[in-house]
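In: I would like to see how this sequence folds:
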Amino acid sequence: MSRVRSRPAWYPGVRLSADDPGAGGRRRRHPCTGPRIDRLSLHRAGGSQGQGRYAGRGERRAPLARLPSGRDHATLRGRLSVPQIGYSRRPVALGREGLVASAHPFASLSGLEVLKSGGSVVDAAVAVNAVLAVTQPNACGVGGDLFCLYYEAATRRIHFLNGAGRSGSRAGLDELKRRGLAALPILGPATVSVPGCTRAWAMLLERFGTRPLSELLQPAIHYAEHGFPMSSFVSQAIAEVAPAMSDPEWQRIFTPGGRAPKLGELFRQPDLARSLRDLAAAGPDVFYTGRVGQAIARRLEQDGFLTPDDLAAHTGEWGEPIATTYRGYTIHQTPPPTQGLAALLIFNLLEGFPPERHELHSVEHLHLLVEMVKLAYADRDRWIGDPAHARVPVTSLLDKQYAAVRRKDFDPKKAGAYRAGEPEGDTTGFVVADGRGNMITVIESVFGAFGSGVVPPGTGVVLQNRGRHFKVEPDHPSVFAPRKRPFHTLITSIVTRDERPVVGFSTMGGNGQAMFHAQVLSNVLDYGLDMQEAIERPRFLIGEFLPGEPADTLHVESRVGARVLSGLARKGHQVKAAPELFYKTGQAHGIAVREGTLMGGADPRGDGFALGW
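Out: Okay, here's the model as predicted:
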């Protein structure tokens, strides 16, 4: 079947049914927020031979796995009803030699320049992440944690890096009680665990890099020192959280003159530039035992749980991803303590329902997706913790027979409430790929918007609040305890076929990341959409965002149409129509490989941009 070039849904020659998600009028690309953070209405519609830091860059080009073109793939799947033309607001990014899809155009450009100059995908990923740490401080930064999957074409192997930090040696339920706290707060020094990002960068480059860290940090240092034009997305994020931020250093940096920087205003971060220059000169130790690390320890000494020894002891670990098979593909995910397991559980459950049964984003299709998410999340919340401190039955949970048993609880006629089964035995994500078959997917975060809201004086570094994810129930796998990694919502994915990558995908979105992975990857693997269209299609999110909302409120982007929304409500879902491009449904970025061509997508729900070469 010939492929018709995608046009926006409002293109005058395109006729779509009234219920089609792409049938709305012309829409703005970026969301717009208002003055308060808790209001749903804030956002309007809208071989190893490349190893070693200075190793040679000569790699043989590896053949790439083939993902069939979208419409041919859909035809092979059966009678799937997918609009033939006219959906995406922007074209899919294309490349043969390299492609970067990230949350900011400056970051994507910096990564692409590294690839074009002969750097590896790992080199490019570090450059991308460093620029994002400057341009997206609400979502990520050198005060956060990092996880990644790296597909090495020479060995056809996927490597997993756990770059997450641990709780402090003073952490524990007794200490929490002594301080008069019934639970961990949302903001402040008590929520800070060791930031693992910079050590993870060094570990990546030591094993798979070809450029020194000092060189790769130069674009980020430039944007921090000389400034970058403020985007509406980050400006609005600052304005929303500013009233809740009590840290004077945070206020000094992000609300100069008592207000958030305006759209297009040049935003400089000289303290962060200094910290990045120190990192370039001295390596990651500066963040754990050097000037920055000492500043962190001083800031957290009174109200935090970290000590200087906790910072000095930090390191990441290399490991193996977890995986499941799905309709001929293998989906690889980050293992516990991340929620990557939940994404795989969703796919195991979905595999029992042929995609040709349901029209894309019909009532029946969305009901199925929502219920599979709820089943998987029930298991996630019961079982996932730090495997160094708790039993996490990964093998049993991923058993196909376990999925078959759990699937029996699904009722196609009505919404359900699920308990965990008993098996036997603010964030940024980006993807970089090259023409040699190498691919890296990265997820890095300070967790909440601007993390803990704590900035050690003189550093410009926003510290994460990942520690708020610890539990106070003594028997929970993620109970608050010393030197322990908290449960992480951070996940990232690589999909392979015949041991070669066909999709790399990451998305921000906190608790919703696993359900966003399932929705977007299903759009690609089951319905044959290109990556840009798969990302732009409507998404849903289950969760509570306004006071008094039920915890199982189903927020669905309104582009699905009134008929679908009312149909879901009739099945018993607590439906709430979300804006057409709702930023809380994640900011997704991905690369698919088809016929040797890299095809990238970036999310219009934020500042994302994909660039190919």
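
In: Glu364 - how many residues pack around it?
Out: Under the neighbour criterion other CB atoms under 10 Å, Glu364 is assigned a count of 16. Quick note: C-beta positions are derived from backbone N, CA and C, even for glycine.

In: Could you look up the SS state of it?
Out: helix (DSSP: H, G, I helix; E, B strand; the rest coil).

In: which residues does the nearest residue to Val503 once chain neighbours are set aside bridge with?
Out: Nearest residue to Val503, sequence neighbours excluded (CB to CB, 6 or more residues apart in numbering): Val495, at 4.0 Å. Applying DSSP bridges to Val495 gives these bridge partners: Ile331, Val503.

In: Quick check, Val495 in contact with Tyr329.
Out: Yes - using CB atoms under 8 Å, Val495 and Tyr329 qualify as a contacting pair, with a distance of 5.2 Å.

In: Looking at these two, which one has more neighbours?
Out: It is Val495, of Val495 and Tyr329, that has more neighbours when counted by other CB under 10 Å, with 25 against 21.

In: Now do the contacts for the more buried one.
Out: The contact partners of Val495, by CB atoms under 8 Å, 6 or more residues apart in numbering, come to Tyr329, Thr330, Ile331, His332, Pro501, Val502, Val503, Gly504, Phe505, Leu521, Leu525.

In: Gly429 too?
Out: When contacts are counted by CB under 8 Å, 6+ apart, Gly429 is found next to 103, 441-444, 492, 505-508, 587-589.

In: and it, what are its phi and psi?
Out: Backbone torsions for Gly429, taken as degrees, to the nearest 10, come to phi -130, psi 140.

In: Quick one: low-confidence residue ranges for the stretch 351-500 of the chain.
Out: Counting by pLDDT under 70, the stretch 351-500 of the chain contains low-confidence residues at 418-426.

In: which residues of it fall in helices?
Out: With helices called from DSSP state H, counting those that start in this stretch, the stretch 351-500 of the chain shows them at 363-383, 394-397, 400-407.

In: Centre of the chain to the longest one, how far?
Out: Taking the mean of its C-alpha atoms, helix 363-383 sits 19 Å from the chain's own mean (CA atoms, centre = their mean, to the nearest Å).

In: okay, the angle between it and helix 400-407?
Out: Angular relation of helix 363-383 and helix 400-407 on a 0 to 180 degree scale: 120 degrees, by axes from the mean of the first three to the mean of the last three CA atoms, to 10 degrees.

In: before we move on, back to that, filter the contacts of Gly429 down to the ones in strands?
Out: Using DSSP state E, Thr441, Val442, Ile443, Glu444, Thr492, Phe505, Ser506, Thr507, Ala588, His589 are the members of the contacts of Gly429 that sit in strands.

In: The closest residue to the last one other than its chain neighbours: helix or strand, and which one exactly?
Out: Taking CB to CB, 6+ apart, and ignoring the residues beside it in sequence, His589 has Ala101 as its nearest neighbour in space, at 4.0 Å. Assignment of secondary structure by DSSP states H and E places Ala101 within strand 98-102.

In: So what are the sheet partners of that strand and their directions?
Out: By DSSP bridges, strand 98-102 pairs with strand 427-434 (antiparallel), strand 609-612 (antiparallel).

In: between those, which gets nearest to Ala569?
Out: Ranking these by distance to Ala569, with CB to CB as the measure, places strand 427-434 first at 30.4 Å.

In: Please save the CA atoms from the closest one in CSV.
Out: This file holds the C-alpha atoms of strand 427-434, laid out as CSV (Å, rounded to 0.1, in the frame of the first residue of the first chain):
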residue,chain,number,x,y,z
THR,A,427,11.6,14.2,34.2
THR,A,428,13.1,14.1,30.7
GLY,A,429,13.6,11.2,28.4
PHE,A,430,15.4,11.2,25.1
VAL,A,431,16.7,8.8,22.4
VAL,A,432,19.9,8.9,20.3
ALA,A,433,20.6,6.5,17.4
ASP,A,434,23.2,6.3,14.7
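
In: now do the same end-to-end measure for stretch 339-357.
Out: End-to-end distance for stretch 339-357, by CA to CA, to the nearest Å: 29 Å.

In: ok, back up a step: and the contacts of Gly429, which of them are buried?
Out: Among those, those buried by neighbour count (16 or more other CB atoms under 10 Å) are 103, 441-444, 492, 505-508, 587-589.

In: quick check, nearest of those to Arg537?
Out: If you rank these by distance to Arg537 using CB to CB, Ala588 comes first, at 10.3 Å.

In: Tell me if I'm right that the closest one and Glu536 touch.
Out: No - no contact is recorded between Ala588 and Glu536 when judged using CB under 8 Å, the distance being 9.2 Å.

In: And for the nearest residue to Pro474 once chain neighbours are set aside, the neighbour number?
Out: Counting by CB to CB, 6+ apart, Pro474 lies nearest to Leu173, which is 6.8 Å off, once chain neighbours are set aside. Leu173 is surrounded by 16 other residues when neighbours are defined as other CB under 10 Å.

In: Hmm, Leu173 is touching Val479, no?
Out: Yes - taking CB under 8 Å as the contact criterion, Leu173 and Val479 are neighbours in contact, 7.2 Å apart.

In: can you give me the strands in the stretch 101-250 of the chain?
Out: In the stretch 101-250 of the chain, strands defined by DSSP state E, counting those that start in this stretch lie at 145-152, 157-163, 228-229, listed in chain order.

In: Can you pull out the low-pLDDT segments for the chain?
Out: Regions of the chain meeting the criterion pLDDT under 70 cover residues 1-86, 418-426, 545-547.

In: Swap in 80 and give it another go.
Out: When the per-residue scores of the chain are filtered using pLDDT under 80, the ranges that remain are 1-88, 381-392, 417-427, 469, 487, 509-511, 544-549, 551.

In: Name all residues that make contact with the residue nearest to Val234 when sequence neighbours are not counted.
Out: Here the nearest residue to Val234 in space, its sequence neighbours aside, is Asn138; by CB to CB, 6+ apart that works out to 5.8 Å. Shown in contact with Asn138 (CB under 8 Å, 6+ apart): Val234, Ala237, Ile238, Val241, Asp426, Ala449, Phe450.

In: I'd like to know how far the last one sits from Val142.
Out: Okay, so that is Phe450. 14 Å (CB to CB, to the nearest Å).

In: what does the third one give?
Out: Between Ile238 and Val142 the computed distance is 18 Å (CB to CB).

In: sorry, back to before: mutual contacts of Ala588 and Glu536, please.
Out: Between them, Ala588 and Glu536 have Gly601, Asp603 as joint contacts when contacts are counted by CB under 8 Å, 6+ apart.

In: Return the residues in contact with the closest residue in space to Thr507 that isn't next to it in sequence.
Out: Counting by CB to CB, 6+ apart, the nearest residue to Thr507 once its immediate chain neighbours are dropped is Ala588, at 3.8 Å. With contacts taken as CB under 8 Å, 6+ apart, Ala588 has the following neighbours: Gly429, Phe505, Ser506, Thr507, Met508, Phe516, Val520, Ile535, Gly601, Asp603, Arg605, Gly608.
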